[in-house]
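Participant: Provided below are the primary sequence and the corresponding predicted coordinates.
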Amino acid sequence: MTFEQMRAVTLGLQPLSRLDSPREVVRQFTPNWFAATMGTGILAIALSQFQADVPMLHPVAEGLWMFNIALFTLFAGLYAARWIFFFDGAKRIFGHSVVSMFFGCIPMGLATIVNGFLIFGLPRYGEVAVGIAETLWWIDVAMAAACGVAIPFMMFTRQSHTIDQMTAVWLLPVVAAEVAAVSGGLLAPHLVDPHSQLVVLTLSYALWALSVPIALSILVVLLLRMAIHKLPHANMAASSWLALGPIGTGALGLMTLGGAAPAILSANGLERFGAFAEGLGFFGGLLLWGYGLWWLAMAVLVTLRYLRDGLPFNIGWWGYTFPLGVYAVATLKLGTLLPIAAIHIFGAVLVAVLAVLWVIVGTRTVRGAWRGDLFVSPCIKAD
């Protein structure tokens, strides 16, 4: 073994060997990392859908949810520390045309934790879990709405964008609101007060409308961009899956809200609208799910094209997980509404693929974080 090979092995065993100082972890920390909490959280939620058929998956799913809480807390602490100790560098994110989009990952990561309190926390901790979920949901709503309005406003006023450089990351800040809408649909039936249920349900529909139409508008522009300027650079390969996010979440949101609406509307004297909301949830969810099949097929084909030339790993690979996961959960939800076994089987296959992707991306993320080469903030790279 040569000296250079020995040195490479030694550096590989040494934590953060690619960084000048451990403090660079904080200085270079960006919201991109919260995509890992999105991917981990959606895998936990997806696995929980099989607890009746495969009971052994439930403790695995619950363990992932608890791990995700720890992960989110760690990332929140690191990012808060960056704003405290490296404020001048941190504020540059607002002018960056790509990294600023990832602000949306923070509320979306938090939403998976909110959902977990209703799926895993309620059986374990009782009604206190509902109170925690409700508090976190309102925080999530505020962050999601802020991202959905503030980031596009900065795109219009202070950032530099061109169509040829556009990717599906434009979706990230606006999709956060519909993710919060899904959480609201899960939360509302657990609230005791009928009026509070109605407020959460109504706001959730508004959040869905605040997000899905805008996201679909972005997809139209994205389709044009891909036809004219072809595929983006391989570093942005994972963005080809992001279109599934708003489509899958939009479908899941309509079906979840539609399932909760009849009882809540009836309890508030609005029972005449219940059947309409339920029907809208089913047919709207079905149509969006069908639309997602096209984007799923295209994402697979595009990824195979990238693989032919080689795919460099980066933290953006987490973009493969959450969109696929939420589309898988929407598929499983549709399978509970339609007596078609093939839909449920298809959803199960998607969850299996998600689990494999999570292991691959998670392993490579741990390796890259250990070396330190994943801690890169493009906003200050020139410093």
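Facilitator: Perfect, thanks for sending it.
Participant: going forward, measure contacts and count neighbours with C-alpha atoms only.
Facilitator: Noted.
Participant: Report the secondary structure state of the spatially closest residue to residue 319 that is not a sequence neighbour.
Facilitator: Closest residue in space to residue 319, ignoring its immediate chain neighbours: residue 238 at 5.3 Å, by CA to CA, 6 or more residues apart in numbering. Using DSSP: H, G, I helix; E, B strand; the rest coil, the secondary structure recorded for residue 238 is helix.
Participant: What is the burial count for residue 238?
Facilitator: For residue 238, the neighbour count with other CA atoms under 10 Å is 24.
Participant: residue ranges for the strands of the chain, please.
Facilitator: Taking DSSP state E to define them, one finds no strands in the chain.
Participant: For it, name the helix or strand with the lowest mean pLDDT.
Facilitator: Of all helical and strand segments in the chain, the minimum by mean pLDDT, DSSP states H and E falls on helix 3-13, at a mean of 50.
Participant: Now do the same for residue 382: its pLDDT.
Facilitator: Model confidence at residue 382, expressed as pLDDT, equals 49.
Participant: Quick check: nearest residue in space to residue 79, chain neighbours excluded?
Facilitator: With CA to CA, 6+ apart as the criterion, residue 79 has its nearest non-adjacent residue at 6.2 Å, and that residue is residue 29.
Participant: So the one you found versus residue 144, what's the distance?
Facilitator: Between residue 29 and residue 144 the distance is 20 Å, computed by CA to CA, to the nearest Å.
Participant: Next: residue 95.
Facilitator: The span separating residue 95 from residue 144 equals 19 Å under the rule CA to CA.
Participant: the more surrounded of those two?
Facilitator: With neighbours defined as other CA under 10 Å, residue 95 and residue 144 compare such that residue 144 has more, 30 against 17.
Participant: Can you tell me how far the more buried one is from residue 176?
Facilitator: According to CA to CA, residue 144 stands 5 Å off from residue 176.
Participant: Which neighbours do these two have in common?
Facilitator: Residues touching both residue 144 and residue 176 (CA atoms under 8 Å, 6 or more residues apart in numbering) are 104, 107, 108.
Participant: Ranking by neighbours, what's the top pick from the residues you listed?
Facilitator: Highest count within the shared contacts of residue 144 and residue 176 by other CA under 10 Å belongs to residue 108, 31 neighbours.
Participant: Now do the contacts for that residue.
Facilitator: For residue 108, the contacting residues are 38, 140, 144, 176, 179, 180, taking CA under 8 Å, 6+ apart as the criterion.
Participant: What pLDDT is listed against the residue nearest to residue 316 when sequence neighbours are not counted?
Facilitator: With CA to CA, 6+ apart as the criterion, residue 316 has its nearest non-adjacent residue at 6.3 Å, and that residue is residue 238. Taken from the predicted model, the pLDDT recorded for residue 238 is 92.
Participant: Residue 238 is in contact with residue 321, isn't it?
Facilitator: No - counting by CA atoms under 8 Å, residue 321 is not a contact partner of residue 238; they are 9.3 Å apart.
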